[in-house]
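> below is the sequence, then the predicted model.
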Amino acid sequence: MDPDLIGAVAAVHRSDEHTFSKATYESIELVAGLGVNGDAHQGAKVKHRSRVAANPDQPNLRQVHLVMSELLDEVADAGHNIVAGQLGENITTTGIGLPVGSMLRIGDTTLVALTGLRNPCPQIKSVGDGVMKMMFIDDPDNPDGPKIGRTGVMGVVITGGTVAAGDAIKIRFPAGPLTRMEKV
(Lines give C-alpha, C1' and ligand atoms only; values in the text may rest on other atoms or scores of the structure.)
Protein backbone atom coordinates (compact mmCIF):
# COMPACT_ATOMS: atom_id res chain seq x y z
CA MET A 1 0.00 0.00 0.00
CA ASP A 2 1.60 3.25 -1.11
CA PRO A 3 0.55 5.82 1.51
CA ASP A 4 -0.98 9.20 0.75
CA LEU A 5 0.03 10.33 4.25
CA ILE A 6 2.14 8.93 7.10
CA GLY A 7 1.48 9.51 10.81
CA ALA A 8 2.31 7.52 13.92
CA VAL A 9 0.83 5.83 16.97
CA ALA A 10 1.49 7.94 20.08
CA ALA A 11 -0.14 5.53 22.57
CA VAL A 12 -2.62 2.63 22.76
CA HIS A 13 -5.44 1.95 25.22
CA ARG A 14 -8.26 -0.43 26.11
CA SER A 15 -10.78 -1.16 28.86
CA ASP A 16 -12.71 -4.37 29.43
CA GLU A 17 -15.49 -2.34 31.07
CA HIS A 18 -17.70 0.42 29.70
CA THR A 19 -15.66 3.25 31.20
CA PHE A 20 -15.17 6.69 29.71
CA SER A 21 -11.37 6.61 29.88
CA LYS A 22 -9.14 3.68 28.95
CA ALA A 23 -5.89 2.43 30.47
CA THR A 24 -2.67 2.77 28.45
CA TYR A 25 -0.82 -0.40 27.42
CA GLU A 26 2.46 -1.15 25.69
CA SER A 27 0.49 -2.72 22.84
CA ILE A 28 -3.05 -3.80 21.94
CA GLU A 29 -4.24 -6.57 19.66
CA LEU A 30 -6.68 -5.71 16.85
CA VAL A 31 -8.91 -8.56 15.66
CA ALA A 32 -10.35 -8.50 12.13
CA GLY A 33 -14.09 -7.78 12.11
CA LEU A 34 -14.23 -7.41 15.91
CA GLY A 35 -12.00 -4.58 17.14
CA VAL A 36 -9.64 -4.36 20.11
CA ASN A 37 -9.09 -7.66 21.94
CA GLY A 38 -10.18 -7.28 25.56
CA ASP A 39 -12.03 -3.98 25.02
CA ALA A 40 -15.68 -3.60 26.05
CA HIS A 41 -16.57 -2.42 22.52
CA GLN A 42 -15.14 -5.52 20.79
CA GLY A 43 -17.62 -7.30 18.56
CA ALA A 44 -19.17 -7.55 15.11
CA LYS A 45 -22.43 -6.08 16.44
CA VAL A 46 -22.67 -2.72 18.19
CA LYS A 47 -21.48 -2.63 21.83
CA HIS A 48 -21.95 1.05 22.74
CA ARG A 49 -24.69 0.94 25.40
CA SER A 50 -26.98 3.60 23.89
CA ARG A 51 -26.74 1.99 20.46
CA VAL A 52 -27.39 -1.50 21.88
CA ALA A 53 -30.55 -0.11 23.55
CA ALA A 54 -31.73 1.31 20.20
CA ASN A 55 -30.91 -1.78 18.10
CA PRO A 56 -28.54 -4.53 19.28
CA ASP A 57 -28.38 -6.09 15.81
CA GLN A 58 -26.76 -3.16 13.99
CA PRO A 59 -23.17 -3.65 12.77
CA ASN A 60 -20.40 -2.30 14.97
CA LEU A 61 -18.87 0.57 13.01
CA ARG A 62 -17.11 1.73 16.19
CA GLN A 63 -14.65 -1.13 16.77
CA VAL A 64 -11.60 1.15 17.06
CA HIS A 65 -11.58 4.76 18.32
CA LEU A 66 -8.70 7.03 17.26
CA VAL A 67 -7.98 10.52 18.65
CA MET A 68 -5.32 12.96 17.44
CA SER A 69 -2.68 13.85 20.05
CA GLU A 70 -2.81 17.37 18.62
CA LEU A 71 -6.34 17.74 20.05
CA LEU A 72 -5.14 16.59 23.47
CA ASP A 73 -2.27 19.10 23.25
CA GLU A 74 -4.74 21.89 22.48
CA VAL A 75 -6.89 20.97 25.49
CA ALA A 76 -3.79 20.84 27.73
CA ASP A 77 -2.57 24.19 26.36
CA ALA A 78 -5.95 25.67 27.43
CA GLY A 79 -5.07 24.72 31.02
CA HIS A 80 -6.82 21.36 31.40
CA ASN A 81 -5.27 18.19 32.77
CA ILE A 82 -5.73 15.58 30.07
CA VAL A 83 -3.80 12.46 29.14
CA ALA A 84 -3.87 10.01 26.25
CA GLY A 85 -6.72 7.50 26.67
CA GLN A 86 -8.82 9.89 28.74
CA LEU A 87 -11.30 10.52 25.90
CA GLY A 88 -11.86 6.78 25.55
CA GLU A 89 -9.72 6.26 22.47
CA ASN A 90 -7.97 2.98 21.66
CA ILE A 91 -5.25 4.62 19.58
CA THR A 92 -3.82 8.10 20.11
CA THR A 93 -2.37 9.25 16.78
CA THR A 94 -0.03 11.99 15.70
CA GLY A 95 0.15 13.71 12.35
CA ILE A 96 -3.11 12.61 10.66
CA GLY A 97 -6.60 13.91 9.75
CA LEU A 98 -8.72 11.95 7.25
CA PRO A 99 -11.83 11.50 5.07
CA VAL A 100 -14.26 8.58 5.52
CA GLY A 101 -13.13 5.39 3.79
CA SER A 102 -9.46 6.03 4.48
CA MET A 103 -7.47 2.85 5.07
CA LEU A 104 -4.86 2.89 7.84
CA ARG A 105 -1.99 0.40 7.78
CA ILE A 106 -0.85 0.48 11.41
CA GLY A 107 2.49 -1.19 11.97
CA ASP A 108 3.34 -4.01 9.57
CA THR A 109 0.07 -5.94 9.39
CA THR A 110 -2.97 -4.21 10.89
CA LEU A 111 -5.47 -2.58 8.52
CA VAL A 112 -8.31 -0.32 9.77
CA ALA A 113 -11.04 1.24 7.59
CA LEU A 114 -12.39 4.53 8.92
CA THR A 115 -16.19 4.65 9.18
CA GLY A 116 -16.96 8.07 10.69
CA LEU A 117 -16.73 10.50 13.58
CA ARG A 118 -17.22 9.78 17.23
CA ASN A 119 -19.96 11.98 18.64
CA PRO A 120 -18.81 14.01 21.68
CA CYS A 121 -20.55 12.66 24.77
CA PRO A 122 -21.36 14.56 27.98
CA GLN A 123 -18.71 12.62 29.93
CA ILE A 124 -16.10 14.85 28.27
CA LYS A 125 -17.20 17.53 30.75
CA SER A 126 -15.39 15.51 33.44
CA VAL A 127 -12.06 16.64 31.94
CA GLY A 128 -12.81 20.24 32.89
CA ASP A 129 -15.00 23.30 32.37
CA GLY A 130 -14.97 24.39 28.76
CA VAL A 131 -13.47 21.19 27.33
CA MET A 132 -16.76 20.10 25.73
CA LYS A 133 -16.90 23.43 23.88
CA MET A 134 -13.37 22.76 22.57
CA MET A 135 -14.62 19.52 20.98
CA PHE A 136 -16.56 21.48 18.33
CA ILE A 137 -15.38 23.76 15.53
CA ASP A 138 -17.14 25.80 12.86
CA ASP A 139 -17.71 24.05 9.56
CA PRO A 140 -15.36 25.86 7.14
CA ASP A 141 -17.79 25.13 4.27
CA ASN A 142 -20.84 26.34 6.24
CA PRO A 143 -19.85 28.70 9.10
CA ASP A 144 -23.51 29.39 9.95
CA GLY A 145 -24.38 25.68 10.02
CA PRO A 146 -23.94 23.09 12.75
CA LYS A 147 -20.57 22.71 14.44
CA ILE A 148 -18.30 19.77 13.62
CA GLY A 149 -17.34 17.40 16.45
CA ARG A 150 -13.69 16.47 16.76
CA THR A 151 -13.44 13.83 19.45
CA GLY A 152 -11.85 11.30 17.16
CA VAL A 153 -12.73 8.89 14.41
CA MET A 154 -14.11 5.37 14.46
CA GLY A 155 -13.12 2.42 12.32
CA VAL A 156 -13.46 -1.30 11.74
CA VAL A 157 -10.62 -3.81 11.74
CA ILE A 158 -10.02 -5.36 8.32
CA THR A 159 -6.77 -7.18 9.18
CA GLY A 160 -5.80 -7.81 12.79
CA GLY A 161 -2.44 -7.56 14.49
CA THR A 162 -0.56 -5.96 17.35
CA VAL A 163 -0.38 -2.17 17.62
CA ALA A 164 2.08 -0.31 19.86
CA ALA A 165 3.24 3.23 20.50
CA GLY A 166 5.76 4.25 17.85
CA ASP A 167 4.19 2.17 15.05
CA ALA A 168 3.89 4.01 11.75
CA ILE A 169 0.42 4.73 10.38
CA LYS A 170 0.36 4.69 6.57
CA ILE A 171 -2.83 6.20 5.20
CA ARG A 172 -4.41 5.51 1.85
CA PHE A 173 -7.27 7.82 0.86
CA PRO A 174 -10.34 6.28 -0.80
CA ALA A 175 -10.63 6.36 -4.59
CA GLY A 176 -12.88 9.00 -6.08
CA PRO A 177 -14.14 12.15 -4.38
CA LEU A 178 -13.29 12.50 -0.69
CA THR A 179 -16.30 12.39 1.63
CA ARG A 180 -16.44 14.29 4.91
CA MET A 181 -16.93 12.07 7.93
CA GLU A 182 -20.29 11.99 9.70
CA LYS A 183 -21.13 10.66 13.17
CA VAL A 184 -21.47 6.89 13.50
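Received, thanks.

> just the strands in this structure please.
5-14, 23-25, 27-31, 35-36, 64-68, 91-94, 103-106, 110-117, 136-137, 148-149, 153-159, 161-164, 168-172 (DSSP state E).

> just the ones you listed: most buried one?
Each of the strands of the chain was scored by mean neighbour count; the highest is strand 35-36, a mean of 28, by mean count of other Cβ atoms under 10 Å. Quick note: C-beta positions are derived from backbone N, CA and C, even for glycine.

> pLDDT (mean, whole number) over stretch 60-69?
Over the span of stretch 60-69, the pLDDT mean works out to 95.

> name the residues that touch it?
With Cβ atoms under 8 Å, 6 or more residues apart in numbering as the test, stretch 60-69 has contacts from 10-11, 30, 34-36, 41-48, 51, 84, 87-94, 96-97, 104, 112, 114-116, 118, 151-157, 184.

> okay, the residue in the chain sticking out farthest from the centre: pLDDT?
The C-alpha centroid of the chain is most remote from residue 144, which lies 26.6 Å away (Cα atoms, centre = their mean). Looking at residue 144, its pLDDT is 90.

> same question for residue 119.
Looking at residue 119, the pLDDT reads 83.

> residues contacting the closest residue to residue 122 other than its chain neighbours?
Spatial nearest neighbour of residue 122, chain neighbours left out: residue 132 (7.4 Å); criterion: Cβ to Cβ, 6 or more residues apart in numbering. Residue 132 makes contact with 120, 122, 124-125 under the criterion Cβ under 8 Å, 6+ apart.

> alright, that wraps it up for me.
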